[in-house]
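Q: Just to be clear, the model below is a prediction. Sequence and coordinates:
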Amino acid sequence: MFLGLLVGFVCAALAVVVLVLTIGYFQLRYRFQQDGLAITWLGRRDRIPYDRVDGIFAGQRLGQTMRVRGLNWPGFHMGVGRTRAMGFVRYSVTTGDLAEIALIVTPDVTVAVSPADGAGFRRELIRRVEESSPELLTTSPASVSEPARPTSALRDVSLLALNLAALGLLVCTGLYIALHWDSSRETIVLQATPDVGRVECGQPAALVCGTKADIFRLPGMGAAILIANLGIGLAVYARERAAARLLWSASVVVQVLVLIATARILH
């Protein structure tokens, strides 16, 4: 029971972390405001005044692959790093492809961003930098630039199909338990030696016994795996679609095994 609860707690904690990262991924925004470029993420707001911008370059100017200290999730990087070419760099990007990154150089730090429309973003930023005098800034309305995002996982049919199938199997497991709850014994065999027939608690073949309430461990673990695989799959989808779909497919297999194990224990 302790190990089961520990695993469930760890999976729940990981699910919360993945959920927060997913929300942060979709909340990242680059906003052109009157006084500067604002980068917002999970309630945090960094501002780059237009009159502090010394240059705007493509990501290849880094001269090396990104090395981010901080949040370094596949397809999502929030942190800092140091390069020989650009010095101290602060990353707020949703891609690891340098071709999709824009570098904003200031006297203190180089900021890396990944707008969806890189060329349009650079044109707008250059225009606002050139018009950074106080009398001209009042005529420039605020606007928002979306970060570059790969094809959304939410548009992938496999996301909906596989996870709905896994969820349906999990519901079937719950219904099976409900239908057999009254007729099941108060003590059940949770683990038995292989190659034996029907086993009762108290027999040598019964390795682990418990109350019938312990049967909920199986769908509990199935639910934890389903949530974890869903979150991790969404996180890695941008870089490895095959890996994400493999995780979602594994959720279906796990739920099938959970349903079979539940049926055999309560039978």
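A: Yep, it's here. Numbering: from 1, shown residues only.
Q: where does the residue most central in space within the chain land in three-state SS?
A: What sits nearest the mean C-alpha location of the chain, by CA atoms, centre = their mean, is A235, with 3.4 Å. Classification of A235 by DSSP: H, G, I helix; E, B strand; the rest coil places it in helix.
Q: And it, how far from V17?
A: Using CB to CB, to the nearest Å, A235 is found at 10 Å from V17. Heads up, the C-betas are built off the backbone N, CA and C, glycines and all.
Q: Kindly report the same for E130.
A: Counting by CB to CB - E130 and V17 are separated by 42 Å.
Q: Tell me the pLDDT of F9.
A: On the pLDDT scale, F9 is placed at 74.
Q: Sorry, slip of the keys, the one I care about is L190.
A: pLDDT, read off for L190, is 58.
Q: buried sites along stretch 107-118?
A: V109, T110, V111, A112, V113, S114, P115, G118 (16 or more other CB atoms under 10 Å).
Q: My guess is the fifth one contacts W41. True?
A: No - when contacts are counted by CB atoms under 8 Å, V113 is not listed as touching W41 (11.2 Å).
Q: Need the residues touching each of the two.
A: S92 (CB atoms under 8 Å, 6 or more residues apart in numbering).
Q: Between the two ends of stretch 62-74, how far is it?
A: 19 Å (CA to CA, to the nearest Å).
Q: Would you mind listing the buried residues in that stretch?
A: Buried residues in stretch 62-74, defined by neighbour count with 16+ other CB under 10 Å: L62, M66, V68, W73.
Q: which residues touch it?
A: Residues outside stretch 62-74 that contact it (CB under 8 Å, 6+ apart) are 21, 77-86, 89, 91, 93, 96, 98, 101, 103, 112, 235-236, 238-240.
Q: at 7 Å instead, please
A: 21, 77-81, 83-86, 91, 96, 98, 235-236, 238-240 (CB atoms under 7 Å, 6 or more residues apart in numbering).
Q: just checking, which of the residues you listed belong to strands?
A: Of the positions in these, H77, M78, G79, V80, G81, T83, Y91 sit in strands, assigned by DSSP state E.
Q: quick one: what helix or strand has the residue nearest to L162 when sequence neighbours are not counted in it?
A: Leaving aside its sequence neighbours, L162 sits nearest to W248 (CB to CB, 6 or more residues apart in numbering; 3.9 Å). Using DSSP states H and E, W248 sits in helix 241-266.
Q: now that helix: how far from the chain's centre is it?
A: 20 Å (CA atoms, centre = their mean, to the nearest Å).
Q: and it, which residues are buried?
A: 241, 244-245, 247-252, 254-256, 258-259, 261-262, 265-266.
Q: List buried members of the contacts of stretch 62-74 by neighbour count.
A: By 16+ other CB under 10 Å, those give 21, 77-79, 81, 83, 86, 91, 96, 98, 235-236, 238-239 as buried.
Q: Out of those residues, which comes closest to I48?
A: Closest to I48 out of the buried ones among the contacts of stretch 62-74 is Y91 (13.8 Å), distances taken as CB to CB.
Q: can you pull out the strands in the chain?
A: 29-32, 36-41, 44-49, 55-58, 69-73, 76-83, 87-93, 102-105, 110-113, 143-145, 187-192, 206-211.
Q: same for the longest one, what does it pack against?
A: Contact analysis of strand 76-83 by 3 or more CB pairs under 7 Å, 6 or more residues apart in numbering; DSSP states H and E lists strand 69-73, strand 87-93 as its packing neighbours.
Q: and the first one, what's its mean pLDDT?
A: The predicted model gives strand 69-73 an average pLDDT of 81.
Q: Over to the last one?
A: When pLDDT is averaged along strand 87-93, the result is 89.
Q: partners of it, with directions?
A: strand 76-83 (antiparallel), strand 110-113 (parallel) (DSSP bridges).
Q: I'd like those written out as TSV, with mean pLDDT and distance to H180 added.
A: Shown next, in TSV, are those (pLDDT from 0 to 100; distance: least, CB to CB, whole Å):
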stretch	mean pLDDT	distance to H180
strand 76-83	86	44
strand 110-113	91	56
